Each structure stands twice: as structure tokens, then as C-alpha cells.
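K.L.:
Provided below for reference: sequence and predicted model.
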Number of protein chains: 2
Amino acid sequence: MQASPPLLRYQSLAERVATAIAAGTLRAGERLPSVRQTCSAHQLSPATVLQAYYLLEARGLIEARPRSGYYVRARIGSRLPEPEMRRPATAQTALDVSDFIFEILEAVRDPDVAPLGSSFPSPYLFPLDRLARSLGASARRLDPRSTVTDLPPGNEELRRQIALRYLAGGADVAPGEIIVTAGAMEGLNLCLQAATRPGDLVAIESPCFHGVLQAIERLGLRVVEIPTHPRDGIDLAALDAALRQHPIRACVCMLNFQNPLGSLVPEHTRRALIALLARHAVPLIEDDVYSELHFGPNRPLPSKALDTAGLVMHVSSFAKCLAPGYRIGWVAAGRYAERVRRLKLSSSITANIPAQAALADYLKHGGYENHLRRLRATLAAQEAAMVAAVESSFPTGTRLARPQGGYFLWVELPAGSDALALHRQALAQGISIAPGPIFSAKREYRNCLRLNTGHPWTPRIADAIARLAGLAHACGSADGRA
Amino acid sequence: MQASPPLLRYQSLAERVATAIAAGTLRAGERLPSVRQTCSAHQLSPATVLQAYYLLEARGLIEARPRSGYYVRARIGSRLPEPEMRRPATAQTALDVSDFIFEILEAVRDPDVAPLGSSFPSPYLFPLDRLARSLGASARRLDPRSTVTDLPPGNEELRRQIALRYLAGGADVAPGEIIVTAGAMEGLNLCLQAATRPGDLVAIESPCFHGVLQAIERLGLRVVEIPTHPRDGIDLAALDAALRQHPIRACVCMLNFQNPLGSLVPEHTRRALIALLARHAVPLIEDDVYSELHFGPNRPLPSKALDTAGLVMHVSSFAKCLAPGYRIGWVAAGRYAERVRRLKLSSSITANIPAQAALADYLKHGGYENHLRRLRATLAAQEAAMVAAVESSFPTGTRLARPQGGYFLWVELPAGSDALALHRQALAQGISIAPGPIFSAKREYRNCLRLNTGHPWTPRIADAIARLAGLAHACGSADGRA
């Protein structure tokens, strides 16, 4: 597997422009230097400059105006402000949300429903043909003994490839610490079981990935919800207070492009988070399935690079960045590695063995970096398109977080809007959404919803957003009249 | 998929002879009618008669004597009597066995260790090349949308093929009741979770598959152990008494070729078992991964054929009969189907999607029945060889159950023998065994062990049995001296 390559010239240029926009050096509506000017200023070819501008356009930062040039787009949040962080009651909660969540999510299965509420990106974004070649070849070459030797921790070459990828990101993770799982959801379940017993208390984000809520409910655990900022992620002061107040046994977090918010925990905060949990000897279960989907040039610093106490259980998978349906994930489980390995054996013995070998083969030979580059650019462009559509059509008072990676948009409708009613009305028109309450132990975030930007921006999706905007207007004003 | 075909002529003849032996019409040491006599008596060709005699030889019922003919072998249990059923204390037990079991089983992973303690049959017994073709083709043809449409309950064609197989066995199971899982171990976990909450009481067999003990421990359940007969399986009177005495929430059973005993519950007993549990409204979780490995001509009657209350959760997989390492199993979950489906989603989302399609393809086109016929004959011959070796070498006072399917032999050493000590001594000589205590919540069966007959009868395996016999002699006499 390749290490993360150094930035290409066009990427460097795009990053400089993006930084200038973020810093306010280049302001919304301002024209960028012409391609010719930029070529001579930076000694680059016109092709390189254009590639950089295309990238910035895909990320929604600039726009081309015919016969005029490139302009800085309206700044992030300038039309729609970012949602504010909410403070859920910090009482301990025994969960009773799973059936409710299942009912809401059932609609997403229907291929005739516009999948704005889906948890999955479009399967057409992935190199399924190339993977099929790896899978067929690996199955034909499979050593029959691997049905025993590849039992947990799992296929040795796959674990080595995963370790190499950690290394490229700046983290030293030994292959022996990595346990291959049947996807990240199983990994998450195993980590929770490794760290807790039924009845124990777990700190989670609010809002929080509904799968975490369901796993916690099933394992008979209770939760303390920690406020989580739409841009910066989990609130450390609140977590600190909760750790002092409650006998918390584990903290479940998504540091990178959190589901549903899309937030990205800044590097200084993640350092402080890991130090804080280490002081309390509480393990961090990091559910990290989106980190490869960063729109900026660099992968976020892995938490494993900061973990000196062996308390980080890093859960990830290939489902969202490479191989949906292959159900291959892993846990780098620190001091819990042996316990997780045993739990894996008694949960489902092993992950699919030909698929483990196939992914090891693909990571070595398949061109993963090139696939990821294309995927990131596509997701960035799709997000930009949906942000523009929401900005221009949703009711005044709507707030919008704009993630720098992943494929979710968190939308806060005006106060009084009811996302559950919106869900029902949208579904009647063949559109799914993920209403806010499925991301909360107490069914909060009633006026929020999560939109999926992981599907190509087609007229069908554009139409779905337009209809949704119409419903959101009606639902807000109906509520106003009530 | 083919329905179970009618018996071929040679199979019918073999079955008549086997019945005559079981009934005592033909006695141990008696000569069978010559091939010529049999041909004319039954109007069969010599080839057909010889094929029948080969089958009976493979099943260990008859033996060829050079230049003399075929003779009935020493009857089952005539040299070594069958172990007797034990009665574990019926107190409720909270489990604490998992780490102990893992330590014992770790040795099985080493390919240099003779795998008498393994839970797996030899991977060389399976059509891995043919499966690889199905897997490669299915992956290439995979509809990208199947990554969503094949979410639980799972691939529609695979579930239809499984339902057809139930139908062929005499059970009407709708495809909609079947949930595809990542193997039977996951299925077992899901069923336990569907029927219980932490702290609940579950009835299990004694001795019992160690994976059940581990799953129950992990889920925080408690057990009542029900005595189980080496030939006839779970003791109904004891189960009845336990059901009256304790608030049992589920009963976990293996009706077909139980692990570790190899017992096969007779048809009248399985009818009575299902009726008994129905009277108490207690679900039966049937762990049934060996039923395809019957040595006799007919598959045992599926419990689902007897279940009118929807209380049978039938758990099975392809791991032991077709596709090790593919991790595709299923649950036919009766009235618990929707609950199991949801638990599957929040446990590991879905089973590997290309592998589901591959197995559906193999079941339709791969020649499953032919593979199974060869596999059954091979396993029967391997069992016969190991039984003969144990009979002729193990200490006087050894008892031996002789299963009519599967690939396990349950051996009871003379009282006072210590299978845990034997395990350590054997391992030092490069031989693994599965000592009795790993099959018991209270670490009973100290003088018992399970041997794996699922590997070809090679000089290496023969030598391992010979060495084991030597150790068993020493261990018994050492204990006698102590």
C-alpha cells in the first residue's frame, strides 16, 4: 500500500487559495487572479492552475462565471449560519430508542425513494469491478488452511496493510494490535463489550450516530450525553464535568466528520481529549469510518498517534471508503486487543476469509490512493451542490453545518419545525430524510435533520431537495399558525 | 437446488443390511452373503452390491477379510461401552469459563499440532475451487444496489434456496422468516439476545458446545444444565423438571450430532421436546450445523417441521458442510424473525454480500448434493478408522459414544483420569485434544475428551491416536498410584 503521497502541485495551490479564503484574504465575491497571472506568479503550467481551480470549485469554495473568470463563493455559513451546540440534560439515560430508529430507517431500503436519509453513500462511487477481480483471484488462490490460520486477529497481510496505513498517517500501530472484524458496527459492539458490563455508564456525543444508541441499548448500558459542537465536535469541558460526576466506563466518539454533524475535532482538542480520558483511565472508543473522506489535502491526525496509554480503541472499516458490502472492518484496540480478539471469536468466529485476502490484495495493488482522491473530490463536489441548493431554498432561520469531509449535512430548521412530521410528509413524496430525534437518547433535535450528500447530484436529488424545502417552509409556517 | 434424491439402489441395499445389523439379525463376526448370492437374491449388478458393501465398510459396520468375504464388525459399543449420561447439579450457574476455554483452544491454531482438539473439519474436504468460481462470478456480476437491497434479512435468492432445502427436508419455512447471518455463531448470539435480557436463565445441554457457554457468559445470562445422553441427546424428564422449577427464558439444544457428544435426538423425543417447550412458551434455540453430515441415508427430521407455535429458532450455517471461512449462516427465527433481523442490523449490519450471492449460485448450480454425498462417506470412513484405533489402543474402562453423523467422538476415560493433564501432556507432543471441562459450566467431565474425526486418516493422525492412548494409559495408572 502506498503511503499518503506528498501534495501534488495543483493540490498545494488549491490549499493556498483555500487558506487565503478561510483567512479572509480573499473575500466572497472577489475575483481570483487569472489563470495566466497565477501561472507566472507560481511558475506553474495553465493545466495545473486549472486543476487547482476545478478542485476548489468542487469543494464549493469558488465558482466560474462565464467569460469572466473564477470568483470566491459566498462564504461558508454566510447565507445560513452554523447550528449552535445544544446542551442535553446530563442525567443518565437508559435507552429505549431502537425500535423507533428502525421504523424511521426502514424507508431507506426502497430504491424508489430518494435516499437523502440513507446512511450509505452511493455504491457506484466504489471500484467494485476492481475489487471483484481481487476477490475472485484471492478465492482461487486461497490456502485451505487459511480457514484456520486467518481466525482472529485475522489475515496477516491485511493487518500489515492496515498498519502501514496508520504509519503513513503518523501512528505506530503494530499488526498484532489489530483485530479484523465483520465491519465497524461489529467492532463497535466488541469494544463496548470489552470495556463495560451491563448497567455500566458510557459517555456519548449528542447528537450521536444512531447505531451507537442501538448497540448501547442492546448491551443494557446507560448513557451520559455530552454536548457536541457542529464544527469542533465533543465539548471537553462538559465531558470533564461528566467524568468527575459519574462512574463512566468508556467514551464513544467520532473525531472525524462525525455522524450526523460532520464535525472535525481540531488537533489541540483531540490531544486534550485523549489526555483527559487517560487521567480518568477511561478508554476512548473512536468510531472512525469517515477519516479517509477528507476534502482538505491531509488526513486528520489519527488519535492512535496520540495514545500513549493504550486506551484508544480505534474502530474503522472499508465500508464507506472502498468496499461496501464486503463487511471488513477492524479494531486497533490498544491494551484491550486480546479481550477484543476473544470477544470476536465468541461473537462470530471470524470475518469472511476470502474478502480479507481480497482487500489485502487490493490495498497492495489496486490503486487505493487514486480511488480515494477521486472519491474525495466527488464527495466534496456533491456536498457543495447540496449546500448551495439548501442555502437557496430552505426557510429563513435554517442553520447549516458545512463539513470538510464525509457525506452528511446537518440542517437545523427554524425553531418549532418538526422533522418527524417532515419525515412522514417527505416519505409520502418518495423522499427519505434522517430526522434529528433518531440521533438522540432523549429524542431531541426535533427541528433538525441529516441529509446524505453521498449520491451524485442528479435532477432527481435536486428535485428532492426542492420538494423538501417546500415541505420545510410549509411545516415551519403550519407550526407558526398552530 | 436439488431436493434430497430418492435412495439409489446401492444405498437401499446398504440400508437394509445396516438395519439387519442393528436389529441383531446379522451378528458381529458373521459373514455377509456373498456378492454373487446377493446379486441374484436382489436382482442387482455386482457393481451395485460392491458399492453397498463399500459404503457399509466406510461406515464401520462391516469389514473385508482377504479371500474370505465381508463380515459384520464388532458391534458398536461391543468393545467399548457407551458413556453413561451424567447428572450435573441443577443449580443455576453464572458462567466464568470463557478465558479458560480460550486458553485450551489456542493450541488448535498451530498447523504443526495434530488437530484432534479442533472444532473444524479438514478444509480440504470442501469444494473451495468451485466456490471460488461462484464467488468471482458473483462479485463481477454484483448489482451495486445489492449493498443496500441485500441488507438483512439478506440476499433473496439465497434465502429462497435455503427455504427449498427446508422444504426438501419436510419443513415449510418461508424465505421471509430466514435472516442471513455471519455464520451460526452470530446467529446463536442473536437468538439468545432476541429471547433474553441480561440475568435471565437459559437451559443448556450438559455437556455443551463451548461456544454456547462463551456466548451466554458474554451476554450476562445464567444457565441450568440439563443432562444429555451420549446417544439420544437432551433428557426430557430433567428438562421438564427444570422448566417447572425455574423461570427459564430459552432452551439451547443441538438435536443433530450434538457437539461434543455426537448424539442424535430420536424423532419421538424431538416431537415431545418441542411440545414440552411450547407448553411452557419457551423458545427452542436449535444450533444445527451438523445435520447435513448424517451417515445414514436420510437427513434427520427438521425441528421446524414440528414447530406449530413459531417458537423454534433454527440456527445453521454452511461452515461445516460446504464453505468454511465464508461466514454465511442463517436463522429461521419463527415468531422472533423481525427481532432477530433488527438485532442483526445493529450487531454487524449485514453478512458479506458477494459471499451471499456466491452461495446462492452454488446451491443452484454447484452440485451440492453430490458434494454432500462424498463428504458424508468420507466422514463416516474417518470416524470408523478412529473408532477402531481408539477401541484397540485406549485403556480398559474407556467408554466411547459412536455418532451416526458429524465429526466428533466423545471419549470417557476410566474414572480418575484427568483430561486437562492429558491435554497438557499431549500438547507437549504436538497433539491437541478438547478436554471435557471446556464443555461444562462447572468444568465437569474431567475424565472425558472430544476427538475430531474430520481429518483424513493419515499416518500422522494414526500416530497421534497411538501416542494419546499411551498417555491415557499412563495418566490413568499415575492417577491410580496417587
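P.N.:
Sure thing, it's come through.
K.L.:
what packs against the helix or strand where residue A:40 lies?
P.N.:
Per DSSP states H and E: residue A:40 is located in helix A:35-42. For helix A:35-42, the packing partners by 3 or more Cβ pairs under 8 Å, 6 or more residues apart in numbering or on different chains; DSSP states H and E come out as helix A:46-58. Bear in mind the C-beta positions are built from the backbone N, C-alpha and C, glycine included.
K.L.:
can you name the residue of the stretch 51-200 of chain A nearest to chain B?
P.N.:
residue A:136 (2.5 Å; Cβ to the nearest Cβ).
K.L.:
for the helix holding residue A:40, which positions count as buried?
P.N.:
A:35, A:38-39, A:42 (16 or more other Cβ atoms under 10 Å in any protein chain shown).
K.L.:
pLDDT of stretch A:446-455, averaged?
P.N.:
The average pLDDT within stretch A:446-455 is 97.
K.L.:
does the lowest-mean-pLDDT helix or strand in chain A reach chain B?
P.N.:
When the helices and strands of chain A are scored by mean pLDDT, DSSP states H and E, strand A:93-94 comes last with a mean of 79. No: judged by Cβ under 8 Å from any Cβ of the partner chain, strand A:93-94 and chain B are separated, with a smallest distance of 12.2 Å.
K.L.:
got the contact list for that strand?
P.N.:
A:222-225, A:441-442 (Cβ atoms under 8 Å, 6 or more residues apart in numbering or on different chains).
K.L.:
with stretch A:52-60 instead?
P.N.:
With Cβ under 8 Å, 6+ apart, stretch A:52-60 has contacts from A:10-11, A:13-14, A:17-18, A:32, A:35, A:62-64, A:70, A:73, A:295, A:377-378, A:380-381, A:383-385, A:387-388.
K.L.:
quick one: residues contacting the residue of the stretch 201-350 of chain A found nearest chain B.
P.N.:
Chain B sits closest to residue A:325 of the stretch 201-350 of chain A, with a gap of 3.4 Å, by Cβ to the nearest Cβ. Going by Cβ under 8 Å, 6+ apart, residue A:325 touches A:123, A:319, B:142, B:146-147, B:150, B:350, B:352-354.
K.L.:
got the angle for the helix holding residue A:40 vs helix A:46-58?
P.N.:
110 degrees (axes from the mean of the first three to the mean of the last three Cα atoms, to 10 degrees).
K.L.:
quick one: stretch A:280-292 near chain B?
P.N.:
No: residues of stretch A:280-292 are not located near chain B by Cβ under 8 Å from any Cβ, the shortest gap being 11.4 Å.
K.L.:
span of that stretch from start to end?
P.N.:
From its first residue to its last, stretch A:280-292 covers 30 Å (Cα to Cα, to the nearest Å).
K.L.:
now find how far off-centre that stretch is within its chain.
P.N.:
Centroid separation between stretch A:280-292 and its chain, computed with Cα atoms, centre = their mean, to the nearest Å, is 12 Å.
K.L.:
and if you look at stretch A:451-471?
P.N.:
On Cα atoms, centre = their mean, the centre of stretch A:451-471 falls 20 Å from that of its chain.
K.L.:
in it, what counts as buried?
P.N.:
A:451-455, A:457, A:461, A:464-465, A:467-469, A:471.
K.L.:
is that stretch positioned near chain B?
P.N.:
No: Stretch A:451-471 lies apart from chain B when judged by Cβ under 8 Å from any Cβ; the minimum separation is 11.4 Å.
K.L.:
ok, residue A:365 - contacts?
P.N.:
residue A:134.
K.L.:
how near is it to chain B?
P.N.:
When distance is defined by Cβ to the nearest Cβ, to the nearest Å, residue A:365 is 16 Å away from chain B.
K.L.:
mind checking pLDDT for that residue?
P.N.:
Confidence score, pLDDT, at residue A:365: 93.
K.L.:
any idea how far residue A:138 is from it?
P.N.:
Using Cβ to Cβ, to the nearest Å, we find residue A:365 at a distance of 11 Å from residue A:138.
K.L.:
next: residue A:217.
P.N.:
37 Å.
K.L.:
those two: which is more packed in?
P.N.:
When neighbours are counted by other Cβ atoms under 10 Å in any protein chain shown, residue A:217 and residue A:138 differ, and residue A:138 comes out ahead with 24 against 20.
K.L.:
without its sequence neighbours, what residue ends up closest to the more buried one?
P.N.:
residue A:357 (3.8 Å; Cβ to Cβ, 6 or more residues apart in numbering or on different chains).
K.L.:
ends of stretch A:443-451, what's the gap?
P.N.:
18 Å.
K.L.:
same question, stretch A:292-300
P.N.:
By Cα to Cα, one end of stretch A:292-300 lies 9 Å from the other end.
K.L.:
residues in contact with it?
P.N.:
A:4, A:7, A:11-12, A:14-15, A:18, A:59, A:169, A:255-257, A:264-265, A:267, A:291, A:320-321, A:372, A:375-376, A:379-380, A:383, A:404-407.
K.L.:
again, 6 Å this time
P.N.:
If you take Cβ atoms under 6 Å, 6 or more residues apart in numbering or on different chains as the criterion, stretch A:292-300 is touched by A:7, A:11, A:15, A:59, A:169, A:256, A:291, A:321, A:372, A:379-380, A:404-406.
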